[in-house]
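Novice: here is my input; please provide its structure:
(chains A and B)
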Amino acid sequence: MASHAESAGHHAEHPWYMNADGTRARLKDFLTSTNHKRVGILYGSAILTFFTVAVILGVLMRIQMLSPDSKFMTGQTYNAMFTLHGIIMIFMVVIPGIPTVFGNFFMPILIGGNDVSFPRLNLFSWYLYMLGALVALSSLVFGSGPVDTGWTFYVPYSLSSTVNAPLAVTGVFLLGMSSMVTGLNFVTTVHQHRAPGMTFGRLPLSVWGIYSTAWIQVLATPIIGITLLLIMVERIFGIGVFDASKGGDPILYQHLFWIYSHPAVYIMILPAMGIISDLFPVFSQKNIWGYKTIAFSSLAIASVGSLVWAHHMYVSGQSDTASILFSFLTFLVAVPSAIKIFNWVATMYKGSVKVDPPFLYALGFVALFSIGGLTGLVLGALSTDVHTHDTYFVVGHFHYVIFGGMGFGLFAAIHYWFPKMFGRTYNHKFATVAFIVLFVGFNVFYMTLLILGWAGMPRRYYSYLPKYTDLQVIATVGSWIMVSGLAMMAGNLVYGALRGKKATQNPWGGATLEWTLSSPPPLENWEEDHPPTITQGPYVFNGNGKHPAPGNGSSGEGAAAATGSPARRGSQKKGH
Amino acid sequence: MEMTVRDRKVFSRVGMWLFILSEILIFGGLFLLYSMYRAKHPADFHAGSMELSRFDGTLNTIVLLTSSLTAALAVYSMQELDKWKHTAWYLAATIACGFTFLVVKTFEWGAKFEHGLYPRAAVLDARPHGEILYFGLYFTMTGLHAFHVIIGMVVLAFVLNFVVRRKITHERNAILENGVLYWHLVDVIWIFLFPLFYLIS
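Specialist: Numbers count the residues shown, from 1 in each chain, chains lettered A, B, ... in the order given. Predicted structure coming up:
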């Protein structure tokens, strides 16, 4: 075995996409690998594919909405479109997105471990995910046609609708199982696999994000599991729990559904916020402002967020007392999110800020999530919700927080970790242009939806009153600009992966553990008996500039101070 | 960081408890439904409970409690006494108890079907709402529980196989402990189901 001083170079010969014998990993090597990086790539490929499908569905929906008497699709088709757009986006892209791709690829590295606690279970979770996705998508083609109930499957329609509800419901159930298994794996990993010296107080905030999310995945997903099971049992056996003619209560379904589905949106956003929390220090070259507060705010969002579900049901017929209580709690849960925004911005103050593409997306996140959050207050207040419930205002709100929030967080993560994962760079100027196109299109589109919703345009309608036509056209054009921006971004990244310049080990000047590994990292992060030893927090910078000399961090402990490299060292770099 | 056998056992235990927690939450949703509808129709639930066979319910409870005893003894024999043959017999006894439970359940359900007390039956639909819901929940919850009994039996069969092939030993027995933990969960769920359905009259 080569000495540890050479080990960085030795490992660089065998990045994670190559096998130990030096051959390139083939598909079957990925399909049978329990290595956390390869599982992350498996998830990434699947998720990007499904995201593209769902975007196309969205584009088609917007084409339908170009005119009030459009014959582009029937009402039935439109219903199926928004149902599938929602199911794919929510259950196959946004909920698993960051945890399964970046959580899998980077979380073990960020805590100084070599893999998750249950690597085989990890691979199994991917197969569960693919099975669930296949079953859900098969509802498009088999039997009586695609589901048209909306992704929310409200009873009584989901019980009587003659379409493929059982297939779709089963698919989502399997996807839920996959999510739960991932959460279980990550909670155990964060507790058991941290490197020596990596206390909870020194974890990168992205790990705090993944960790809080994993708890919600474990605790909340079973509830949607049983809810979906009950839909099936009701359809097949007619036990009556949601059937008013048998004494059942349809509103109970809504409660059960939203008890999971509201925490689910925190599963979506917490990992993205965690990543943004990692980016602000790096691109300000300054320690995060209020580490403990941000970490605890993740836990606060996870816990208080589990208490607000019935704000989706203010007009369902539930009691006023319940509505008042839930409205109060909803306003409460906005506080920890706002705290994060303040802390991020405060981090930039007197920092050395460089707006590289990852940080562009981080700033975009802050802007768009703030708008989304503020519109959430309009929806959280009882009186204004009566006016905006089930209108385009809701659609605008959740696209701002989910797409502008989680989506831009995902894009930020991709642009940040791309050089580390693939060992290549992408064109920064082109990435910036793509971002601008995307950002402009996004706001033209979704701001218009907010305005339309306030003006009374209902959601999930395939046609509308002529007075809304102009705004609908503007929104559709905005969607085209937005999708062009997405395509430019994707194209730039693909080109970079194939033909980009080789990346350095630490192009952004990050101080967390992944930047001490080669770009791309090896299959085995650290030697089994030589984990890194952590001596300080994740955002300690030496103030020597954003682009330290190449080779920084790979020549041992002593060189660290001189070159201004990340202050956390791995003991694998010295011979022990 | 070399993972010792003891380390692996610790986090396999953590993972197993998290899984148990999620199973409890699944049944929790159903218990939530039960409590809502019982609060709405207390008399009907009472009446419905009169129709169940307390004898069968009590018998099944004794069977499951015994099976938990044999399961615990299986673990004890391996961890404390290092007698794998005893473990194997105890596991077999546990599976046999599970089988007995399912047989009794089949007779119970059969009796209900004969009396027309099943979802969508004319007899049941003619009853008051509370009773329709009571039986709907009865079949759903005991049915889901029976499904988990079957899963538990399959799990223990695998564990028994590993014990006999000496893949589980005095030193490495996390799978045995976790498998038995799952069986205890199945038993505990029944301990809640039994009084709530059989003893409320």
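Novice: what does chain B put close to chain A?
Specialist: Near chain A, the residues belonging to chain B are B:1-2, B:7, B:10-12, B:14-15, B:18-19, B:21-23, B:25-30, B:32-33, B:36-37, B:40-41, B:119-120, B:125, B:128-130, B:132-133, B:135-137, B:139-140, B:144 when assessed by CB under 8 Å from any CB of the partner chain. Quick note: C-beta positions are derived from backbone N, CA and C, even for glycine.
Novice: A:A413: which element?
Specialist: helix A:408-422 (DSSP states H and E).
Novice: chain center to that helix: distance?
Specialist: Taking the mean of its C-alpha atoms, helix A:408-422 sits 12 Å from the chain's own mean (CA atoms, centre = their mean, to the nearest Å).
Novice: only C-alpha atoms, please: export it in CSV.
Specialist: Only the C-alpha atoms of helix A:408-422 are listed here, as CSV (Å, rounded to 0.1, in the frame of the first residue of the first chain):
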residue,chain,number,x,y,z
PHE,A,408,-33.0,26.9,-6.8
GLY,A,409,-31.4,25.2,-3.8
LEU,A,410,-30.9,22.1,-5.9
PHE,A,411,-29.4,24.1,-8.8
ALA,A,412,-27.1,25.9,-6.3
ALA,A,413,-26.0,22.5,-5.0
ILE,A,414,-25.4,21.2,-8.5
HIS,A,415,-23.3,24.2,-9.5
TYR,A,416,-21.4,24.1,-6.2
TRP,A,417,-20.6,20.4,-6.0
PHE,A,418,-20.3,19.7,-9.8
PRO,A,419,-16.5,20.2,-9.9
LYS,A,420,-16.0,17.9,-6.9
MET,A,421,-18.3,15.2,-8.2
PHE,A,422,-17.1,15.1,-11.8
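Novice: tell me the angle whatever helix or strand comes next after that helix makes with helix A:408-422.
Specialist: Sequence-wise, the next helix or strand downstream of helix A:408-422 (DSSP H and E) is helix A:428-454. Interaxial angle, helix A:428-454 versus helix A:408-422 (axes from the mean of the first three to the mean of the last three CA atoms, to 10 degrees): 160 degrees.
Novice: what comes up buried for helix A:428-454?
Specialist: A:430-431, A:434-435, A:437-439, A:441-454 (16 or more other CB atoms under 10 Å in any protein chain shown).
Novice: emit the PyMOL select command for whichever of the residues of chain B next to chain A are buried.
Specialist: The following PyMOL line selects those of the residues of chain B next to chain A that are buried, judged by 16+ other CB under 10 Å:
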select buried, chain B and resi 1+10+11+12+14+15+18+19+22+23+25+26+27+29+30+32+33+37+41+119+129+130+132+133+135+136+137+139+140+144
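Novice: circling back to that earlier point, what mean pLDDT does the helix holding A:A413 get?
Specialist: Averaged across helix A:408-422, pLDDT comes to 96.
Novice: for it, packing partners?
Specialist: Helix A:408-422 sits against helix A:97-98, helix A:104-110, helix A:250-284, helix A:357-380, helix A:469-499, with contacts defined as 3 or more CB pairs under 8 Å, 6 or more residues apart in numbering or on different chains; DSSP states H and E.
Novice: so which of those helices comes closest to A:L228?
Specialist: A:L228 lies closest, by CB to CB, to one member of these: helix A:250-284, at 8.9 Å.
Novice: which residues touch the helix or strand following that closest one?
Specialist: Following helix A:250-284 in sequence order, the next helix or strand is helix A:291-304 (DSSP H and E). Defining contact as CB atoms under 8 Å, 6 or more residues apart in numbering or on different chains, one finds that helix A:291-304 is touched by A:201, A:203, A:205, A:208-209, A:211-213, A:215-216, A:263, A:266, A:269-270, A:273-274, A:277, A:288, A:329, A:332-333, A:335-337, A:339-340, A:343, A:537, A:539.
Novice: what's the answer for stretch B:45-54, then?
Specialist: B:37-38, B:108, B:111-112, B:115, B:117, B:128, B:130-131, B:134-135, B:138, B:197-201.
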